[in-house]
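In: A predicted structure for the sequence below; I have some questions about it.
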Amino acid sequence: MAEAATFCSNSGVLTIFTILGFAVTALKIVIPIILIILGMLDMGKAVTSGKDDEIKKQLVVFLKRAIAAIAVFFVPSIVGLIMQIINENLTDSNACGYSQCVQKITGVGGKCNS
């Protein structure tokens, strides 16, 4: 158990998790932008076609993409918060190591119980 808890304290592992954190942050920004741009393009095509049914159909697709964009943006932060709550409730004194891993990837947390 102690080896698993100190896994995240290793500087090489923290470097990898830091890189993963940058990738997650980039995806949290890029994916919602792409989804919203695609939705706007589809809505523009539907509006220029002038068909009411096509506009309604593309509006539903646009709303689904907007919800997906919001989910992509917030899910990593929500997971980080849940992991922080779990970490704070652990009685193990080595729980700080897990907190470092979660904090590097999600950007949430950083406190530990030691």
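Out: Received the coordinates, thanks.
In: which residues in this structure form helices?
Out: For the chain, applying DSSP state H gives helices covering 2-6, 11-49, 52-89, 96-106.
In: which stretch among those helices is buried most, on average?
Out: Scoring the helices of the chain by mean neighbour count under mean count of other Cβ atoms under 10 Å gives helix 96-106 as the most buried, with a mean of 22. Every C-beta, even on glycine, is put in place using the N, C-alpha and C of the backbone.
In: and it, what does it pack against?
Out: Contact partners of helix 96-106 among helices and strands, from 3 or more Cβ pairs under 8 Å, 6 or more residues apart in numbering; DSSP states H and E: helix 2-6, helix 11-49, helix 52-89.
In: if we can go back for a sec, got the helices of the chain as TSV, with mean pLDDT columns?
Out: Listed next are those as TSV, based on pLDDT from 0 to 100:
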stretch	mean pLDDT
helix 2-6	57
helix 11-49	86
helix 52-89	85
helix 96-106	71
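In: still on that earlier bit, distance to Q103 for the helices and strands packed on helix 96-106 - can I get that in TSV?
Out: Listed next are the helices and strands packed on helix 96-106 as TSV, based on distance: least, Cβ to Cβ, whole Å:
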stretch	distance to Q103
helix 2-6	15
helix 11-49	8
helix 52-89	8
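In: ok, the residue nearest to the spatial centre of the chain - contacts?
Out: Residue closest to the average C-alpha location in the chain (Cα atoms, centre = their mean): P76, at 2.7 Å. P76 sits next to V24, K28, I105, T106, G107 when contact means Cβ atoms under 8 Å, 6 or more residues apart in numbering.
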